[in-house]
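Asks: below are the sequence and a predicted model for it; my questions follow.
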Amino acid sequence: MIKIQHLTVDLPGFSLLDVNLAIRENRFFVLLGPTGSGKTVLLEAIAGLKRVTSGRVLIHDRDVTALPPEKRGIGIVYQDCSLFPHLTVTDNINYGLRYHGGETDDARMRFDSLVGVLNIGHLLKRKPGSLSGGELQRVALARALIIEPAVLLLDEPFSAIDPAFRVELQKLLKELQRSSGVTFIMVTHSFSEALSLADSAAIIQNGRIQQEGDMMEIFKKPCSAFVADFVGMKNIFPARFTGTLAEVNGMCIHLGIQPCTERGYIAIRPEDIVLSRSHLDSSIRNSFRGVVEAVTDRGFTFEVNVLSGDIVFRSLVTRGALIDLGIRDGNEIFISFKATAVHNF
Amino acid sequence: MTGRKPRRGIFYWICLASGVLVMAFILIPLIRLMSEPSFEMMKQTILDRDVVRSIWLSIYTSVAAAFISFLVGTPFAYFLARSRFRGKRIVESIIDIPIIIPHPVVGIALISIAGSGHWIGRALSELGIRIMGSVTGIILVLTFVGLPFYIDTVKNGFEAVPPKLEKVSRSLGASMIQTFFKVTLPLSARSILGGLIMCSARAISEFGAVIIIAYHPMNAPVLIYERFESYGLAYSLPVCVWLVSLCLVLFIALRMLAFRPGRAL
């Protein structure tokens, strides 16, 4: 169990205020928040790289608040990977070993296994300068995991990576977390990343934790307007995946990517669902006929519930669009959304 | 439209003219100096034991000053590169003071504390350390004038090493000292070598402060001045040529070592 109790960090112009978190072992925990919310500061405070004003950090019931970073047993992987540019890939990976009992047989086995799993065997003699973003990230993961940390901190690990390789690396990260038994704490501002990876999560804003708990819990019962807006997806459906298709109650929905599991959930933000009177002639892959079930006034916008097949889709439209389309209960209407607007987890 | 280059404007020619002017300003007197003395004169000069001794003195006192700067200045340069505190600008300005004050003033200022009128001077003489007219005095002066160049260069080098690399190293189990020697120092080796070159280059050319603290033992610039004063231009020129040649060879060699492209050293 990793416990963070009443943690406060004061920096010029920014404060992390009274953060309390309890993260169970062997979990994939995601710290989610917009840019500038204090995610990285919290991560560095846990690692001992930022001076803590008050509060405690406990790892497996050991109070590490007063310990220097090298004595905490916490690995960190930054967004830019921060590989040592003067060392080869092998030397980068083995860097921490000298401080953890040296290159024993056991360590060599871990090296071989990590190199295998991460598929970086062909890079070992190269220097980081000649590696791609994805390769750098794999090497950084191997370097952090070889010393078997109690916790691995990941600071936006996918943001510098080509979107095409992101899904693959996410899958790999999830596998690594399961097989290594290490607790992963990942920071991200991307909700879909959090959805596909996290067991549990916390939402942070302006240096304060807004909500903490099970991913689905946060998703379904956001505790504040900020969280609701941040996670803002009201269309969540259990789905069965085949290739890039998701089957929901007999309805086939196109996804932008191929999910790594067979079963899971899909989610669509209501503002991503476009309403039209006739079938839209466009590149949008998902287009369905439905019936307006209910229209709810949400102030500046209206929420329109459309029943299509057995599913109720919630769409958000402006007042102007509502009048233009003449939407009323019982109207027949078409709903459309892009494949990339469908998140899966 | 093939093959036509856009016309170069007036701005380009102004830049080019300024470049030519600066190069000429530096090179014409130097080339004139280097080509002035005859071969016979050069040979005779290098057989003069006073000349050899003074040039050797200049070289090793400058190297000593650079070495002391390395020992004393490196940790401080690191501190300045990594920390932010109130009054940092003031501290940085204090470091640069030896660059701006006139050289004889440096000598006079050092004399005033190295003499028996000041407790530091008395303490040093009790320890048997003589500053006035000694090699120790020369090294002290050269360190004083060279240190700012070392610290400024190395501080910039440390600033260029991303702090995240050090953080990762710490998270992997290395202490701050281990991190410094394993990560920071190798990555700023070029800057350190650059700083050593800057410092010793500044030191070897120092005259004004040295002549006040230690006229004897004469280092090369003092010897050149002495010959010029006592015997005239013809006798000082060959010494100048020898000193400049040796310095050029040394610095070109070091620069090639420090700024080789594509290597982290």
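Replies: Thanks, I have it. Bear in mind that the values here come from a model prediction, so they are computed numbers and not experimental data. Residues are numbered from 1 along each chain as shown, chains lettered A, B, ... in the order given.
Asks: which one is A:L58 nearest to, not counting chain neighbours?
Replies: A:K3 (4.2 Å; CB to CB, 6 or more residues apart in numbering or on different chains). Where you see a C-beta, it was placed from the backbone N, CA and C, and this is true even at glycine.
Asks: pretty sure that neighbour is touching A:E25, no?
Replies: No - at 11.3 Å, A:K3 does not count as touching A:E25 under the criterion of CB atoms under 8 Å.
Asks: looking at these two, which is more packed in?
Replies: In terms of neighbours (other CB atoms under 10 Å in any protein chain shown), A:K3 is the more surrounded of A:K3 and A:E25; the figures are 16 against 13.
Asks: bridging residues for the more buried one?
Replies: A:A22, A:L58 (DSSP bridges).
Asks: list the contacts of it.
Replies: Counting by CB atoms under 8 Å, 6 or more residues apart in numbering or on different chains, A:K3 makes contact with A:L21, A:A22, A:I23, A:R56, A:V57, A:L58.
Asks: could these go into JSON lines alongside pLDDT?
Replies: Formatted as JSON lines, the contacts of A:K3 follow (pLDDT from 0 to 100):
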{"residue": "A:L21", "pLDDT": "92"}
{"residue": "A:A22", "pLDDT": "91"}
{"residue": "A:I23", "pLDDT": "92"}
{"residue": "A:R56", "pLDDT": "92"}
{"residue": "A:V57", "pLDDT": "93"}
{"residue": "A:L58", "pLDDT": "93"}
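Asks: between those residues, which is nearest chain B?
Replies: Chain B has its nearest neighbour among those in A:V57, at 13.9 Å by CB to the nearest CB.
Asks: which bits of chain A sit near chain B?
Replies: A:44, A:47-49, A:68-70, A:72, A:74-76, A:78, A:80, A:82, A:84-86, A:95-96, A:98-100, A:143-144, A:147, A:149, A:153 (CB under 8 Å from any CB of the partner chain).
Asks: just the buried ones among these, please.
Replies: Buried residues within the residues of chain A next to chain B, defined by neighbour count using 16 or more other CB atoms under 10 Å in any protein chain shown: A:44, A:47-49, A:69-70, A:72, A:74-76, A:78, A:80, A:82, A:84-86, A:95-96, A:100, A:143-144, A:147, A:149, A:153.
Asks: which ones among these lie within strands?
Replies: A:I74, A:G75, A:I76, A:L153 (DSSP state E).
Asks: ok, and does the helix or strand bottoming out on mean pLDDT in chain B reach over to chain A?
Replies: For chain B, scoring each helix and strand by mean pLDDT, DSSP states H and E identifies helix B:233-258 as the least confident one, at a mean of 85. No - where contact is defined by CB under 8 Å from any CB, no part of helix B:233-258 touches chain A; the two come within 15.5 Å at best.
Asks: which strands and helices sit next to that helix?
Replies: Helices and strands touching helix B:233-258, by 3 or more CB pairs under 8 Å, 6 or more residues apart in numbering or on different chains; DSSP states H and E, are helix B:10-35, helix B:39-46, helix B:49-82, helix B:189-204, helix B:220-231.
Asks: what residues sit buried inside the longest one?
Replies: It stands for helix B:49-82. Buried residues in helix B:49-82 (16+ other CB under 10 Å): B:51, B:54-55, B:57-59, B:61-66, B:68-70, B:73-74, B:76-78, B:80-81.
Asks: so which of those also contact chain A?
Replies: Applying CB under 8 Å from any CB to the buried residues of helix B:49-82, one finds that nothing falls near chain A.
Asks: if we can go back for a sec, quick one: the least confident helix or strand of chain B to helix B:189-204, angle?
Replies: Relative orientation of helix B:233-258 versus helix B:189-204 (axes from the mean of the first three to the mean of the last three CA atoms, to 10 degrees): 170 degrees.
Asks: give me the buried stretch members for helix B:233-258, please.
Replies: Neighbour-count burial for helix B:233-258 flags B:235-243, B:246-247, B:250-251, B:254, B:258 (criterion: 16+ other CB under 10 Å).
Asks: and if you look at stretch B:113-132?
Replies: For stretch B:113-132, by 16+ other CB under 10 Å, it's B:A114, B:G121, B:L124, B:I131, B:M132.
Asks: do the same with stretch B:170-181
Replies: Using 16+ other CB under 10 Å as the test for burial, stretch B:170-181 gives B:R170, B:S171, B:L172, B:G173, B:A174, B:Q178, B:T179, B:F180.
Asks: nearest to B:A160 among those?
Replies: Checking the buried residues of stretch B:170-181 against B:A160 with CB to CB, the nearest one is B:F180 at 15.0 Å.
Asks: isn't that closest one right next to B:F79, touching?
Replies: No - contact between B:F180 and B:F79 fails when scored by CB under 8 Å: they sit 11.4 Å apart.
Asks: same for the longest helix belonging to chain A, what does it pack against?
Replies: Ranked by residue count under DSSP state H, the longest helix found in chain A is helix A:163-180. Identification of packing neighbours for helix A:163-180 by 3+ CB pairs under 8 Å, 6+ apart yields helix A:105-118, helix A:133-145, helix A:191-197.
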